[in-house]
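Asks: fold the stuff below for me.
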Amino acid sequence: MSTPKNTRTTPIINVLGLFILFLNREASSQKIGEATTDNMKAAILQMDSFLYDIAFNQCDAAIFKKIIADDVEFYDDRFGLNKPNGKEIKSMTEKISVNGKLTRKLVSCTIDKLGDFGAIQIGEHTFYVNENAVGKGKFIHIWERINNDWKLKRSISYEHKAI
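Replies: Residues are numbered from 1 along each chain as shown. Take a look at the predicted model:
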């Protein structure tokens, strides 16, 4: 004699099974998303290091030009808008080197994805002359991702204060 099947529990089990598969897929995609976000944040921190530790702090105009976009715009609370070209970048790095060594150190920042375009970095930094803290400020950087390269597209520097 065969046992009759309960036709009411079969659809519930099927729905429950699909729900468990959905939850497992969502958890897996969230882990992939977290890894991708972590990779992006690490890349932006590396670009910040190239931009300041090498290009700015070491007055390397060639590296600076590689990091910034061709149509970069710098906004500053003291000087307004600046759209540098190659000569202005060289001039800027030469001015940094004059009258003592001006360097910048990152204090803190947050980095978030900007859709498929790139990332936004918001933070604070301190400026030093000959290793003496002389000022601090806040910044917003818009980074554009082009294939596997990151370029600084827009930079806003504000709330500059002497220390």
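Asks: any idea which helix or strand comes after the least confident helix or strand in the chain by mean pLDDT?
Replies: Using mean pLDDT, DSSP states H and E, helix 86-97 stands out as the lowest-scoring helix or strand of the chain, at a mean of 59. Using DSSP states H and E, the helix or strand that follows helix 86-97 in sequence is strand 102-114.
Asks: what average pLDDT does that next one get?
Replies: In this model, strand 102-114 has a mean pLDDT of 93.
Asks: ok, that strand: who's next to it in the sheet?
Replies: Strand 102-114 has the following strand partners under DSSP bridges: strand 118-129 (antiparallel).
Asks: what's the angle between whichever helix or strand comes after the strand it pairs with and strand 102-114?
Replies: Per DSSP H and E, the first helix or strand lying C-terminal to strand 118-129 is strand 132-146. Relative orientation of strand 132-146 and strand 102-114, computed by axes from the mean of the first three to the mean of the last three C-alpha atoms, to 10 degrees: 30 degrees.
Asks: give me the helices and strands touching strand 132-146, please.
Replies: Other elements packing on strand 132-146 under the criterion 3 or more C-beta pairs under 8 Å, 6 or more residues apart in numbering; DSSP states H and E are helix 9-49, strand 118-129, strand 149-162. The way it works is simple: take the backbone N, C-alpha and C, and place the C-beta from them, glycine included.
Asks: could you redo the last one with a cut-off of 6 Å?
Replies: strand 118-129, strand 149-162 (3 or more C-beta pairs under 6 Å, 6 or more residues apart in numbering; DSSP states H and E).
Asks: ok, and which of these has the densest surroundings?
Replies: strand 118-129 (a mean of 17; mean count of other C-beta atoms under 10 Å).
Asks: average pLDDT for that strand?
Replies: Strand 118-129 comes out at a mean pLDDT of 95.
Asks: show me the contact partners of it.
Replies: 40, 44, 100, 102-114, 133-136, 138-145 (C-beta atoms under 6 Å, 6 or more residues apart in numbering).
Asks: SS state for the closest residue to residue 82 other than its chain neighbours?
Replies: Spatial nearest neighbour of residue 82, chain neighbours left out: residue 74 (4.4 Å); criterion: C-beta to C-beta, 6 or more residues apart in numbering. Using DSSP: H, G, I helix; E, B strand; the rest coil, the structure places residue 74 in strand.
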